[in-house]
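In: the sequence isn't on hand, but the structure is:
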Ligand SMILES: Nc1ncnc2c1ncn2[C@@H]1O[C@H](COP(=O)(O)OP(=O)(O)OP(=O)(O)O)[C@@H](O)[C@H]1O
């Protein structure tokens, strides 16, 4: 028998967004607070997420990911455009969002005073489960995420990563068909991250859940997601599978140079590399053909350049390279 994820998706898509725009108005300076300009945080976004997909929104700080998510979850009203979740028009009926999706936002203020166990149980109850079912779900999700030993601790007395994990546990209760998770693994160690991804994948495989994930971690985006929308300046600048996106940069490889001291500027080959590089502090990132990369490595590993070099790495393209090739700045993307 096919798993839920393998069955052909019937009916409307899990999520359809068409021509979505949102502008935060300019604010005048008041009581020592500086004036802020108008920001067009969603600028004509159109995308479709299929049922059972793990779909990512990737982009650096300020790209407009959270603004998009807040509109999807009914917390913010778009200026124009439509949002449909499993056939329901959420712009016209924003309250339906609570029944259709589970939203893990970036902050956990509402749950801070509760213990880990009570946060999960209360969320399950709020989503309509009876007491016995809510407790069963609570126990299962705490076990699944390795939170048993922390069950009796209030969230506000946990470390950042532990608190985040407790919020994920609460978000996973109640079997919502669409999970909208904004940076779910922020601050988590690799064991906790793996537990989260396994739990998310299980809901997709066993319950046919669809997952929309916000991240600026390019490695997570590549390993976990079926398709990725790359965002910049409030727009979707590309949308494909991680493999499809990477094919856009062809055979190019990525050369990263980290300098200990300022590299010798009088060497023309070094000056040419500097011209072509994206510079972040001491790091120069270059995308180039394998032949050019070989020549560049010869240049930087000989003579005075080598004395100034701290480290270099040569790698096949990542989603970060795709992002850079599409004109994104790359700043703020995480690579760990
Ligand atoms: N309440 C607000 N009022 C005015 N401008 C805002 C507000 N919230 C966000 N913005 C601006 O809208 C743009 C998009 O912000 P948003 O929070 O959606 O980005 P993001 O991609 O989620 O970033 P991050 O990765 O840092 O969470 C940014 O320029 C931001 O400064």
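Out: Received it, and whenever you're ready, just let me know what you need. All figures in this text were calculated on a predicted structure; none of them were measured in a lab.

In: hey, let's count contacts and neighbours off CA atoms from now on
Out: OK.

In: show me where the stretch 151-300 of the chain has helices.
Out: 160-171, 190-207, 218-224, 242-247, 268-276, 290-300 (DSSP state H, counting those that start in this stretch).

In: sorry, wrong one. I was asking about the stretch 1-150 of the chain.
Out: For the stretch 1-150 of the chain, applying DSSP H, counting those that start in this stretch gives helices covering 65-72, 97-100, 116-126, 131-144.

In: for those, which one sits closest to residue 222?
Out: Closest to residue 222 of the helices of the stretch 1-150 of the chain is helix 65-72 (CA to CA; 17.4 Å).

In: any chance of the helices of the stretch 151-300 of the chain in CSV, plus mean pLDDT, distance to the ligand and mean neighbour count?
Out: As requested, the helices of the stretch 151-300 of the chain are arranged in CSV below (pLDDT from 0 to 100; distance: least, CA to the nearest ligand atom, whole Å; neighbours: other CA atoms under 10 Å):
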stretch, mean pLDDT, distance to the ligand, mean neighbour count
helix 160-171, 95, 15, 23
helix 190-207, 92, 18, 17
helix 218-224, 79, 12, 18
helix 242-247, 88, 19, 17
helix 268-276, 91, 27, 14
helix 290-300, 92, 32, 15
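
In: okay if I get the ones you listed as CSV plus distance to residue 41?
Out: Below are those laid out as CSV (distance: least, CA to CA, whole Å):
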stretch, distance to residue 41
helix 160-171, 26
helix 190-207, 28
helix 218-224, 22
helix 242-247, 24
helix 268-276, 30
helix 290-300, 38
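
In: so which of those comes closest to residue 77?
Out: Proximity to residue 77 (CA to CA) singles out helix 160-171 among those, at 22.5 Å.

In: where do the strands sit along the stretch 1-150 of the chain?
Out: Taking DSSP state E, counting those that start in this stretch as the test, the strands found in the stretch 1-150 of the chain are 15-24, 39-49, 54-58, 80-85, 88-89, 101-104.

In: need the ones you listed in CSV (columns: distance to the ligand, mean pLDDT and mean neighbour count).
Out: Output for these, formatted as CSV (distance: least, CA to the nearest ligand atom, whole Å; pLDDT from 0 to 100; neighbours: other CA atoms under 10 Å):
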stretch, distance to the ligand, mean pLDDT, mean neighbour count
strand 15-24, 5, 97, 18
strand 39-49, 4, 96, 18
strand 54-58, 8, 93, 26
strand 80-85, 16, 97, 20
strand 88-89, 22, 95, 16
strand 101-104, 13, 94, 22
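
In: list the contacts for residue 283?
Out: Each residue near residue 283 by CA atoms under 8 Å, 6 or more residues apart in numbering is listed here: 256-259.

In: closest to residue 249 out of those?
Out: residue 256 (16.3 Å).

In: report the beta-bridge partner residues of the closest one.
Out: residue 285, residue 313 (DSSP bridges).

In: my read is that it contacts residue 284, right?
Out: Yes - Residue 256 is in contact with residue 284 according to CA atoms under 8 Å; the separation is 5.7 Å.

In: low pLDDT regions in the stretch 201-336 of the chain?
Out: 327-336 (pLDDT under 70).

In: out of the contacts of residue 283, grab the one that's most surrounded.
Out: residue 257 (22 neighbours; other CA atoms under 10 Å).
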